[in-house]
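Peer 1: Let me see the structure of the following:
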Amino acid sequence: MTDDVMTIRQMCDAFDVTPRTLRFYESKELLSPIREGQKRLFTKRDRARLKLILQGKRFGFTLEEIRQLLDLYSKEDQQLTQITQTYDIAVKRLKDLEEQRDTLNEAISDLRAQLKWGDSVLSTLRTKAAE
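Peer 2: This next block holds a predicted model:
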């Protein structure tokens, strides 16, 4: 096996994914390994795409957004279109994540206040029950 291609097992080990994940991304046409019978051989291009897919998923991009961004890759414009679109989506996603974080922080603060109230009530009730 050369360094140019990796088996499905090597991909799973290198990227901490399951064979099912790789087959799923292949079925969605995000990856296109070389097929030798039942064997799949992943190229450097597939590895680069998988890295971008996993990063995009981590950031909350949809698979359709990821597909569109991957399809924009063009050596003719030195990736200008792809990077511009990725940047625009990332700015929006960051805003969404910050809003989610703020909502979570507010919920956490409210829950802490409720727990403090509950602790006080329980303490009072336990004191009365012990009398």
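Peer 1: since we're on the closest residue in space to residue 70 that isn't next to it in sequence, how many residues are nearby?
Peer 2: Counting by C-beta to C-beta, 6 or more residues apart in numbering, residue 70 lies nearest to residue 49, which is 5.9 Å off, once chain neighbours are set aside. Heads up, the C-betas are built off the backbone N, CA and C, glycines and all. Look at residue 49: counted by other C-beta atoms under 10 Å, it has 19 neighbours.
Peer 1: Doesn't residue 49 lie inside a strand?
Peer 2: No. Read with DSSP: H, G, I helix; E, B strand; the rest coil, residue 49 is helix and lies in no strand.
Peer 1: contacting residues for it?
Peer 2: Contact partners of residue 49, counting by C-beta atoms under 8 Å, 6 or more residues apart in numbering, are 30, 31, 70.
Peer 1: The last one and residue 29 touch, don't they?
Peer 2: No. Judged on C-beta atoms under 8 Å, residue 70 makes no contact with residue 29 at a distance of 9.6 Å.
Peer 1: Residue 61 belongs to a helix?
Peer 2: No. Residue 61 is assigned coil when assessed by three-state DSSP, not a helix.
Peer 1: these two touch, right, it and residue 93?
Peer 2: Yes. Using C-beta under 8 Å, residue 61 is in contact with residue 93, at 6.6 Å.
Peer 1: Who has more neighbours out of these two?
Peer 2: Neighbours were counted for residue 61 and for residue 93 using other C-beta under 10 Å; residue 61 has more, 20 against 15.
Peer 1: tell me the domain ranges of the protein?
Peer 2: Per automatic domain parsing, the structural domains of the chain span 1-61, 72-131.
Peer 1: Quick check: which of those domains is buried the most?
Peer 2: domain 1-61 (a mean of 15; mean count of other C-beta atoms under 10 Å).
Peer 1: Do me a favour and average the pLDDT over the longest strand that the chain contains.
Peer 2: The residue-count maximum for a strand in the chain (DSSP state E) belongs to strand 39-43. Averaged across strand 39-43, the pLDDT comes to 94.
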